[in-house]
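Chemist: what's the 3D shape of this:
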Amino acid sequence: MITLATKVTIFRIFLVAPITLLLAHNYLVAAGFGLALAAFTDWLDGYIARRYHQQTALGALLDPLADKLLMVSIFTVTWHTYSDLIPGWFIIFLWLKESVLACGAFIFFLYSYKPVAARISGKIAMACQLIYGLLLFFTRYNEINIDVLMMAWLGLVTGVTLWALVDYGMHGYTLLTQKRS
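Modeler: Coordinates of the predicted model:
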C-alpha cells in the first residue's frame, strides 16, 4: 500500500521534469515557484509520515531519491542554461557526491540492510542547496549582481554538502562494520 506521505514524495519526483523544463526555457519565476513547491512537499511528506505513522521502506527509499533528482537536475540545467551562474566544478562535485552515496546505498541493498535514515547533515545540506537554487533564480530573473553573496553561499553549500557526504560515509561505514562483528 502506498501511503499519503509516499504519494507526496512521488509528486515531488514528478515535479522535477516541469521545473527543469521551465528553467531550460528561461521561465525563472515559474521554476522558482516549482522549486518552492518541491521544498514544501519535502517538508510535508516527512510531517505526514511522522505525524500519522506512515513511515515505510518505500518512502525511506523514494524521499532521498526525490531530493537527489531534484537538486542534481536543477543545478545541472541551470549550469547548462546559464553557465555564468554556477561553476562547472560544482556540478561535477554534486554528481560525484550523489554517485558515491548511490554506491553506498547499493552496498547496503546488497547486504540487505535497511536504508540509512535521514541525518541532520543531509537535511541542512538540502536546505542550503534549495536556498542557493532559489537565490540563483531570483538574481538571474532580476538581473541583480551580488557576486560576493552568491560566492559566499556557494562556499557554504559546498562545505555543508561535503560535510553531509562525510557524515553519511562515516555513519554507513560504522553500520557496516558493526553488522560484521
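Chemist: The most centrally placed residue in the chain: which element?
Modeler: Geometric centre of the chain, nearest residue: residue 67, 3.4 Å, by C-alpha atoms, centre = their mean. In the assignment (DSSP states H and E), residue 67 maps to helix 57-81.
Chemist: Quick one: residues contacting the residue nearest to the centre of the chain.
Modeler: 42, 126 (C-beta atoms under 8 Å, 6 or more residues apart in numbering). (Each C-beta comes from the backbone N, C-alpha and C, glycine too.)
Chemist: what element comes up after the helix holding residue 67 heading to the C-terminus?
Modeler: Using DSSP H and E, the next helix or strand after helix 57-81 towards the C-terminus is helix 88-110.
Chemist: Could I get the average pLDDT for that following helix?
Modeler: In this model, helix 88-110 has a mean pLDDT of 92.
Chemist: what's the angle between it and helix 57-81?
Modeler: Counting by axes from the mean of the first three to the mean of the last three C-alpha atoms, to 10 degrees, helix 88-110 lies at 160 degrees to helix 57-81.
Chemist: Buried ones in the helix holding residue 67, by neighbour count?
Modeler: For helix 57-81, burial by neighbour count (16 or more other C-beta atoms under 10 Å) applies to 59-72, 74-79, 81.
Chemist: Looks like residue 160 contacts residue 122 (just checking).
Modeler: No. With contact defined as C-beta atoms under 8 Å, residue 160 does not reach residue 122; the gap is 9.6 Å.
Chemist: longest helix in the chain, by residue count?
Modeler: The longest helix of the chain (DSSP state H) is helix 147-180.
Chemist: packing partners for that helix?
Modeler: Here helix 147-180 touches helix 88-110, helix 120-142, going by 3 or more C-beta pairs under 8 Å, 6 or more residues apart in numbering; DSSP states H and E.
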